[in-house]
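Trainee: Sharing a model that was predicted from the sequence below.
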Amino acid sequence: MALVTLAAILAAAGARGDDWPQLWGPRGDGRSLGFLVTPAAATLKARELWRRPIGSGFSGVSVVGARGFTAVSDGTRDHAIAFDTESGRELWRTPLGDTYRGHDGSKDGPISTPTVDSGRVYVVGPHGLLVALDAGDGRRLWSHDLPKEFGAAVPTYGFATSPLVVGERVIVQAGGEKQHHLVAFEKAGGGLAWSAHHGAGAGYVSPVLATLHGVPQLVTVSADKVLGLKASDGTLLWSHARPNENEPSRPPLVLPDARVLVHSWSEAALLSVTREGDAFKVAELWRRPVLKGSYSPTVYHDGHLYGFSGAYLVCVDPATGDVKWRQKVYGGNVILVDGHLVLLAETAGDLRVAEATPAGYREKLKAAVFNPGSTCSTGPSWAGGRVFLRNVEEMVALEIGG
């Protein structure tokens, strides 16, 4: 079956079709619903609209209407911030706790991406503080300390999971060791709606919403399992031993025909979910060392997968796991906009745009955006016909056209 309908997802997010209200876009799959100005042009150009300094962090940029949201460190404390998308001017900032210090080569700052819904912003600080904020002024409406209240273990590099809004609830992969793996809160007041523990560990992934065989469900990855749960109450629908030995590196990607792509640092696996009556069954279709060594989303377009495998951007046939082509662009993040791959390099500071086609890598744009060597582990966000980019030093808004 197909994913949840576009109308249902946009209604849940309280967003327009060209907004980017959460981690990896309106559907949480790295695909924008917006358009390039002149997609048929043989070459494209990037026009800078504004640029501003920004504190360190890895949080993605969420955009709804004329406001954008992300999370940063000022060197002492971590903050959620809002900015004006026309000018980049900061509108407000709200503390998330003491700065989470980077280690083992990592920079300081938050990782979780804000989720924007119906005038509210939900984000998890790296120490595990979940906050609901007023999108207008940043005022805290309610909060929960996930480690203290739910026994969640702080991941090695801090909490990275991003909230998911489903109807009137906010769902977070808290990752409690003995209980409270997934926790749902009421949007209105933050009361506990349900808690489920079918797997352990929060890791660095977030749950996604999909409809498999007519049943709306949360699909996620724990330390040991791939899981499908009822979105309404967290009841387990199906589970499968996680096919990868390494820690999961990205949220799962649900493909047509109830297939689920699962990533780890060393390989990817494709699962098939079938249904017989009320029972779901899961089988592994393939497992291969492709789409590895990255935290970038893998995007699906016209029957093919596009994503990072270490230093290479690759096109993969999901039917077999075979690589159709690979292009060395070095590590980074990719999203899909209007049939084009929009890539931001992790250290080179380059933005690239290429056609999403299995025929080969066809680049239309390469532009220097950030200083080479500056860490950029945050993927692009596309909203209102613009691409929003950030690294640990700056944030930029660009228009791309012929």
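Mentor: Thanks, I have it.
Trainee: As a check, name the ranges of all strands in the stretch 301-402 of the chain.
Mentor: Secondary structure of the stretch 301-402 of the chain by DSSP state E, counting those that start in this stretch: the strands cover 304-309, 312-317, 322-328, 332-337, 340-345, 350-355, 362-368, 381-383, 386-390, 394-401.
Trainee: er, the stretch 1-150 of the chain I mean
Mentor: With strands called from DSSP E, counting those that start in this stretch, the stretch 1-150 of the chain shows them at 45-53, 62-64, 67-73, 77-84, 90-98, 115-117, 120-124, 129-134, 140-145.
Trainee: Okay, and the beta partners of His344?
Mentor: Residue 344: Leu, not His. With DSSP bridges as the criterion, the beta-bridge partners of Leu344 are Asn333, Leu351.
Trainee: Tabulate the strands of the stretch 1-150 of the chain (CSV), appending distance to Ala193.
Mentor: Every C-beta, even on glycine, is put in place using the N, C-alpha and C of the backbone. Shown next, in CSV, are the strands of the stretch 1-150 of the chain (distance: least, C-beta to C-beta, whole Å):
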stretch, distance to Ala193
strand 45-53, 38
strand 62-64, 23
strand 67-73, 24
strand 77-84, 23
strand 90-98, 23
strand 115-117, 15
strand 120-124, 14
strand 129-134, 13
strand 140-145, 12
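Trainee: which residues does Cys82 contact?
Mentor: In this structure residue 82 is Ala, not Cys. Arg67, Gly68, Phe69, Glu90, Leu91, Trp92, Arg93, Val121, Ala135, Gly138 (C-beta atoms under 8 Å, 6 or more residues apart in numbering).
Trainee: In PyMOL, select just the buried ones from those residues.
Mentor: Listed next is the PyMOL selection for buried residues among the contacts of Ala82, using 16 or more other C-beta atoms under 10 Å:
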select buried, resi 67+68+69+91+92+93+121+135+138
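Trainee: what's the closest non-adjacent residue to Val124?
Mentor: Closest residue to Val124 apart from its sequence neighbours, by C-beta to C-beta, 6 or more residues apart in numbering: Ser112 at 4.2 Å.
Trainee: wait, Trp238
Mentor: Spatial nearest neighbour of Trp238, chain neighbours left out: Phe280 (3.7 Å); criterion: C-beta to C-beta, 6+ apart.
Trainee: distance of that neighbour from Gly34?
Mentor: Taken as C-beta to C-beta, to the nearest Å, the spacing of Phe280 relative to Gly34 amounts to 34 Å.
Trainee: distance between stretch 66-74 and the chain's centre?
Mentor: Put simply, stretch 66-74 sits 15 Å off its chain's centre (C-alpha atoms, centre = their mean, to the nearest Å).
Trainee: Now tell me what touches it from outside.
Mentor: 54-57, 59-63, 78-86, 91, 93, 96, 99-100, 108-110, 112-114, 116, 121, 123, 125, 135, 381, 383, 388, 390, 395.
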